[in-house]
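Chemist: Sequence first, then the predicted structure, then my questions.
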Amino acid sequence: MEKWATGIFTSIRGGLGAGLDSVRNLGVSTVQLHAPAADYRTPERTAQMKEQFAQAGIEVTVVFAGFEDDDYATVERVVQSVGLVPKDRRARRLKEVLEISDFAKALGVEAIGMHLGFVPPDAADPEFKAVVEVTRQVCDHCAGNHQRFHLETGQESAIELIHFIEAVGRDNLAVNFDPANMILYGAGNPLEALDLVGPYVKSVHCKDASYARKPGQPWYEDAPLGQGDVHIEACLRKLNALGYEGALTIEREYSPDQVGDLQAALKLLGQLRGKILGA
Ligand code: MG
């Protein structure tokens, strides 16, 4: 894969054909794939997906795990419902994450990623220790599949994330850097965060967000790339200085014109790649 191969975050829930066609039409060479539900992860369907991505010349760089009962309606609901942090859901979800790791391996994908949830900041908290333990289990299973495990940024400050990664102490634990999430969750300045978590970054979401919220705007609503407060050019320059070679994955979740925004973001990234890499 070439340095900073551009791609998009995609889902095949609506049927692989439709998803793959729109990805192909955008002309990207990589995707991050939201893991489909269990009934789509059968060996037959997985082999079929692998073949279709290969024929389209599209590399899946990360498979992202999410769950049917994740609830992003409010930040409070995220705390209660998302990732491996909610205690009442942890065992069931751990089992599914390990299955998703196996699914990703069958697809030939070298990393899985997820929102772990709001990790308690205090290392003395028994729940901190429990989340460290469950994360080790995911890392060790991924290691057996020759994979990394990427933590999505934003639900804790950069320094808390570093402390957590060090507490887990596994070489294949890495970071999926999402600068917009830092703004949306109020988890700090994305550029400053990159100074800290930079060495752990193995995948990137090119996503924007504005600090100023419009009246009635949902907390999670992002901005078209280049139009928010992320300063994507400065982020990319910093990633370049850090030696980041991986994919640039555009994530555009909430937009009345998703395809238009994706096309504009691809154009912007093309210009920035040229400007920064001279490529
Ligand atoms: Mg993201």
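Modeler: Structure received. Residues are numbered from 1 along each chain as shown.
Chemist: so where's the stretch 151-279 of the chain shaky on pLDDT?
Modeler: For the stretch 151-279 of the chain, no stretch has pLDDT under 70.
Chemist: what residues does it put near the ion?
Modeler: Neighbours of the ion within the stretch 151-279 of the chain, by C-beta under 5 Å from the ion: 178, 205, 251. Every residue, glycine included, has its C-beta placed from N, CA and C.
Chemist: any idea how far residue 200 is from residue 193?
Modeler: Residue 200 sits 11 Å away from residue 193, going by C-beta to C-beta, to the nearest Å.
Chemist: The two: which has the busier surroundings?
Modeler: Shown here are residue 200 and residue 193; by other C-beta atoms under 10 Å, residue 193 has more neighbours (25 against 19).
Chemist: ok, the more buried one touching residue 153?
Modeler: Yes - counting by C-beta atoms under 8 Å, residue 193 does reach residue 153; the two are 6.8 Å apart.
Chemist: So for the two, which residues contact both of them?
Modeler: Here residue 193 and residue 153 have 177, 179, 182, 187 as joint contacts, going by C-beta atoms under 8 Å, 6 or more residues apart in numbering.
Chemist: quick one: which of those residues sit in strands?
Modeler: residue 177 (DSSP state E).
Chemist: Residue 24: what's it in contact with?
Modeler: With contact taken as C-beta under 8 Å, 6+ apart, residue 24 is in contact with 56, 58.
Chemist: Does the residue of the stretch 1-150 of the chain found nearest the ion belong to a helix, a strand or coil?
Modeler: Nearest residue of the stretch 1-150 of the chain to the ion: residue 9, at 7.1 Å (C-beta to the ion). Assigned by DSSP: H, G, I helix; E, B strand; the rest coil, the conformation of residue 9 is strand.
Chemist: count of residues packed around the residue nearest to it when sequence neighbours are not counted?
Modeler: By the measure of C-beta to C-beta, 6 or more residues apart in numbering, the closest residue to residue 9 outside its immediate chain neighbours is residue 251, 4.3 Å from it. Counted with other C-beta under 10 Å, the neighbours of residue 251 add up to 23.
Chemist: All further residue positions should be reported with the first residue as 65.
Modeler: Sounds good: first residue 65 from here, last item residue 315.
Chemist: how deep is the residue in the stretch 115-264 of the chain that the ion sits nearest to tucked in, by neighbour count?
Modeler: At 3.7 Å from the ion, residue 242 is the closest residue in the stretch 115-264 of the chain, using C-beta to the ion. Using other C-beta under 10 Å, the number of residues around residue 242 comes to 26.
Chemist: Please report the distance of the residue nearest to it when sequence neighbours are not counted from residue 117.
Modeler: Closest residue to residue 242 apart from its sequence neighbours, by C-beta to C-beta, 6+ apart: residue 269 at 4.0 Å. With distances taken as C-beta to C-beta, residue 269 is found 20 Å from residue 117.
Chemist: On the pLDDT front, check the residue of the stretch 65-214 of the chain closest to the ion for me.
Modeler: Note on residue 73: pLDDT of 93.
Chemist: Would you agree it is in contact with residue 128?
Modeler: Yes - counting by C-beta under 8 Å, residue 128 is a contact partner of residue 73 at 7.5 Å.
Chemist: Show me the common contact partners of the two, please.
Modeler: 96, 98.
Chemist: okay, the two: which has more neighbours?
Modeler: Between residue 73 and residue 128, residue 128 has the larger neighbour count (other C-beta under 10 Å), namely 25 against 19.
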